[in-house]
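K.L.:
Generate a structure from the sequence data that follows.
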Amino acid sequence: MSEGKNNTANSSPKSTEVDRRTFIKMFAATSGAIALVNLSSIVRSLSGPVEVPPWPKVLIANAKDLKVGKAVVFYYPLTTTPNLLVKVGESVDAGVGPDHDIIAFSQICQHQGCFVQYADGQAKCPCHAAIYDVLHGAKVLSGPALYPLPFVKLEYDSSTGDIYAIKMTSPVVYGYGATGSSDADIVLVGGDLVS
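P.N.:
Residues are numbered from 1 along each chain as shown. Below is the predicted model:
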């Protein structure tokens, strides 16, 4: 009987020792794999800047279907990013179409992300009362927003009347650019502004 107890007692430490060795080997292999993944990320980041794909060209509407003062919601550049396309009824700097009066801008308020509504040349935020002058670069007229609404650059095909979204000013980041300016675009996109 005592021999049976000794055999059991002697085999336990040996089995524990094998488990420790296995654990240390697995730990070392896992650590090595993680180190290789991190090293490859560092090497990739040192290889140069990431190439940004070109902006997509997306058909939004036809000029003949637009009514003065009525905003049309469309999504660009992502299928979850709402923007407003508006025929404002007067020629504006960034306007396209036969009368240069069709513009598009982000529907996302630059204060806290609520959706603005268009009325009479202004985009108004129902959440915290930010007001943007979309006839003059979507600059902030009043309220807590610090930056203008990003504009969507449009392309007009005079032969068909089709209007395409081809580019967008960058979404702004709090802390870049002067209050109410589009300097954030210069910082974030390298000066490539929508005109």
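K.L.:
sec struct for residue 23, please.
P.N.:
helix (DSSP: H, G, I helix; E, B strand; the rest coil).
K.L.:
okay, now it: neighbour count?
P.N.:
10 (other CB atoms under 10 Å). C-betas here are computed from N, CA, C, even on glycine.
K.L.:
ok, now the one 5 residues further on?
P.N.:
Residues lying near residue 28 (other CB under 10 Å) number 10.
K.L.:
and the gap between it and residue 22?
P.N.:
Counting by CB to CB, to the nearest Å, the gap from residue 28 to residue 22 is 11 Å.
K.L.:
show me where this structure has strands.
P.N.:
58-62, 71-75, 82-87, 102-106, 117-119, 122-124, 131-133, 139-142, 152-156, 162-168 (DSSP state E).
K.L.:
how about these in a markdown table, adding mean neighbour count?
P.N.:
Formatted as a markdown table, those follow (neighbours: other CB atoms under 10 Å):
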| stretch | mean neighbour count |
| --- | --- |
| strand 58-62 | 16 |
| strand 71-75 | 17 |
| strand 82-87 | 21 |
| strand 102-106 | 25 |
| strand 117-119 | 15 |
| strand 122-124 | 20 |
| strand 131-133 | 20 |
| strand 139-142 | 16 |
| strand 152-156 | 19 |
| strand 162-168 | 19 |
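K.L.:
Out of those strands, the one nearest residue 52 is which?
P.N.:
strand 162-168 (12.0 Å; CB to CB).
K.L.:
what about stretch 97-115, distance to the chain center?
P.N.:
16 Å (CA atoms, centre = their mean, to the nearest Å).
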